[in-house]
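> got a predicted structure here, sequence first:
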Amino acid sequence: MSKDRYIAAKQKWAEKQSARGFTPRPVASAERLPPGQKLTAGFPVLDLGVQPEISPEEWLLKIDGLVAQPTSLAWAQFNALPQVDDASDFHCVTTWSKYDCRWGGVAFTTLYEQVQPLPEAQFVYFTSYDGYSTNVPLAQCLDADVLIATSFDGAPLAREHGGLARVIIPKLYAWKGAKFVSGITFLAEDKLGFWEVRGYSNTADPWTEDRYA
Ligand SMILES: Nc1nc2c(c(=O)[nH]1)N[C@H]1C(S)=C(S)[C@@H](COP(=O)(O)O)O[C@H]1N2
Ligand SMILES: [Mo]
């Protein structure tokens, strides 16, 4: 990411913070819609053809790999962690974008602090109840807008959109956010996920149309 883009992204984050509790400010679409994207009013569903039904009783989020305190969080334990809200834009590589998605859940950094990754941990590998996986450099997971979301628009996250819990990483194409998330593994070396081994870009920056490798 260029320095200018990095600064613009941070500035957008700061503006969002100051707008918390209010309707997000309208932003000119020329500055807001990444190149090659079209705005959608609806909310398309993309999955692998299965939407696993995991009850709150059986749901577990396993966090392991290069961490001092590996853990498996049950649904009640997960929901007892500090909760955050964030509104962000959502960009799918298939060229649709959705503005002002209001997510609620647990910040990635909260989990990070809990498991205490070792210094060697540089990459994160997410796994899901439907067999999906995706990978993201750890540094990109530590922005405050990266969430494990359990609500959308103030209601529990629908199963079709990844409930009980899904990962949201607003600055990357949406395939980098695992729906139905079941595991978070901290690694020293990068490990390609489901779409990354099938030719999707490993870096997935919507602003540079970094779609396919
Ligand atoms: N577990 C899982 N997560 C996934 C996917 C999937 O097939 N399985 N698809 C990805 C893709 S390509 C996109 S665009 C978004 C779609 O999220 P949505 O169905 O809520 O729009 O989820 C991402 N996360
Ligand atoms: Mo996608």
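Okay, I see it. Ligands and ions are numbered 1, 2, ... in the order given.

> isn't residue 110 right up against residue 83?
No. Contact criterion Cβ atoms under 8 Å: residue 110 and residue 83 do not qualify, at 9.2 Å. Using the backbone N, CA and C atoms, a C-beta is placed for each residue, glycine as well.

> and stretch 150-161, how far apart are its ends?
One end of stretch 150-161 sits 10 Å from the other (Cα to Cα, to the nearest Å).

> can you list the neighbours in contact with it?
43, 45, 47, 51, 53, 78-79, 101-106, 149, 163-166, 179 (Cβ atoms under 8 Å, 6 or more residues apart in numbering).

> derive a ChimeraX selection command for the buried subset of those.
Here the buried members of the contacts of stretch 150-161 are turned into a ChimeraX selection, burial being counted by 16 or more other Cβ atoms under 10 Å:
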select :47,51,78,101,103,104,105,106,149,163,164,165,166,179
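
> check which element follows the longest strand anywhere in the chain along the chain.
Criterion DSSP state E: the longest strand present in the chain is strand 96-107. Heading C-terminal from strand 96-107, the first helix or strand you meet, by DSSP states H and E, is helix 108-115.

> give the pairing partners of the helix or strand just after that following helix; include direction for each.
Downstream of helix 108-115, the first helix or strand assigned by DSSP H and E is strand 123-128. Here strand 123-128 is paired, per DSSP bridges, with strand 133-137 (antiparallel), strand 181-187 (antiparallel).

> mind putting the ones you listed into a markdown table with mean neighbour count and distance to ligand 1?
Shown next, in a markdown table, are the strands paired with strand 123-128 (neighbours: other Cβ atoms under 10 Å; distance: least, Cβ to the nearest ligand atom, whole Å):
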| stretch | mean neighbour count | distance to ligand 1 |
| --- | --- | --- |
| strand 133-137 | 21 | 7 |
| strand 181-187 | 21 | 7 |
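
> what's the closest of those to residue 70?
Closest approach to residue 70 among the strands paired with strand 123-128 (Cβ to Cβ): strand 181-187, 9.3 Å.

> can you give me the strands in the protein?
Under DSSP E, the chain gives strands at 38-39, 60-65, 71-74, 84-91, 96-107, 123-128, 133-137, 147-152, 155-156, 166-168, 181-187.

> got TSV for those strands, with distance to residue 203 too?
What follows is the strands of the chain, written out as TSV (distance: least, Cβ to Cβ, whole Å):
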stretch	distance to residue 203
strand 38-39	22
strand 60-65	21
strand 71-74	29
strand 84-91	14
strand 96-107	18
strand 123-128	12
strand 133-137	9
strand 147-152	20
strand 155-156	32
strand 166-168	17
strand 181-187	17
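
> same list (those strands) but as a markdown table, adding mean pLDDT.
Output for these, formatted as a markdown table (pLDDT from 0 to 100):
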| stretch | mean pLDDT |
| --- | --- |
| strand 38-39 | 97 |
| strand 60-65 | 99 |
| strand 71-74 | 98 |
| strand 84-91 | 98 |
| strand 96-107 | 98 |
| strand 123-128 | 99 |
| strand 133-137 | 98 |
| strand 147-152 | 98 |
| strand 155-156 | 98 |
| strand 166-168 | 99 |
| strand 181-187 | 99 |
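
> so which of those strands comes closest to residue 194?
strand 133-137 (5.0 Å).

> now the angle from that closest one to helix 108-115?
Taking axes from the mean of the first three to the mean of the last three Cα atoms, to 10 degrees, one finds that strand 133-137 is oriented at 90 degrees with respect to helix 108-115.
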